[in-house]
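[1] Take a look and give me a structure for this.
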Amino acid sequence: MPYIINPKGMNKCLGCLTCVTVCAAVNQESHSVAKSAIRIRTTGGMTGSIVAVVCRGCQAPACKEACPAGALLPRPGGGVTLDADLCYGCRKCVPACSVGAVNFDRETQKPIICCHCGICTTFCTHGCIMMTEVREESGHGG
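    This next block holds a predicted model:
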């Protein structure tokens with residue numbers, strides 16, 4: 001079964017950015033937080049809540065629909081995967097994502113798409129984000 005990232009326990013988040021850093025290191029071979037598929041931000045400065053901005057695994061991804069090159073392919077369980085060879089860096093997928101989870105790598109001129117590998121959840125010491133199993137609906141496309 002496929003899995004998606006589930007940021008349910010964010011009230012415990014300290015904003016350490018370990019999840020962001022490990023995502024960039026493992027998936028982009030970089031230690032720059034700009035290369036991560038997950039973002040941690042506040043909803044109102046120092047007194048606001050901390051939220052994780054990460055792909056929610058949409059069943060009908062708007063980012064995929066916005067891609068004129070067909071570089072974003074449906075992922076089992078929801079969300080998309082990137083075919084970097086097809087992508088020409090138009091950035092139309094970035095504003096199309098309703099949760100703001102598509103990041104853009106200015107160096108490679110390609111979007112950074114969460115692959116739902118779960119490395120961020122593995123290194124989240126407070127259990128703020130977790131992997132959730134997604135049951136696919138039989139007979140329906142995503």
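
[2] OK, contacts around residue 124?
    18-19, 130 (C-beta atoms under 8 Å, 6 or more residues apart in numbering). Yep, even glycine has a C-beta here, placed from its N, CA and C like the rest.

[3] Of those residues, which is the most crowded?
    residue 19 (26 neighbours; other C-beta atoms under 10 Å).

[4] element containing that residue?
    Applying DSSP states H and E as the criterion places residue 19 in helix 18-28.

[5] Tell me the helix or strand right after that helix.
    strand 39-42.

[6] Name the strands paired with the helix or strand bottoming out on mean pLDDT in the chain and say parallel or antiparallel.
    Lowest mean confidence among the helices and strands of the chain (mean pLDDT, DSSP states H and E): strand 3-6, at a mean of 81. Neighbouring strands of strand 3-6 in its sheet, by DSSP bridges, are strand 130-133 (antiparallel).

[7] In the helix holding residue 19, which of the residues would be classed as buried?
    19-28 (16 or more other C-beta atoms under 10 Å).
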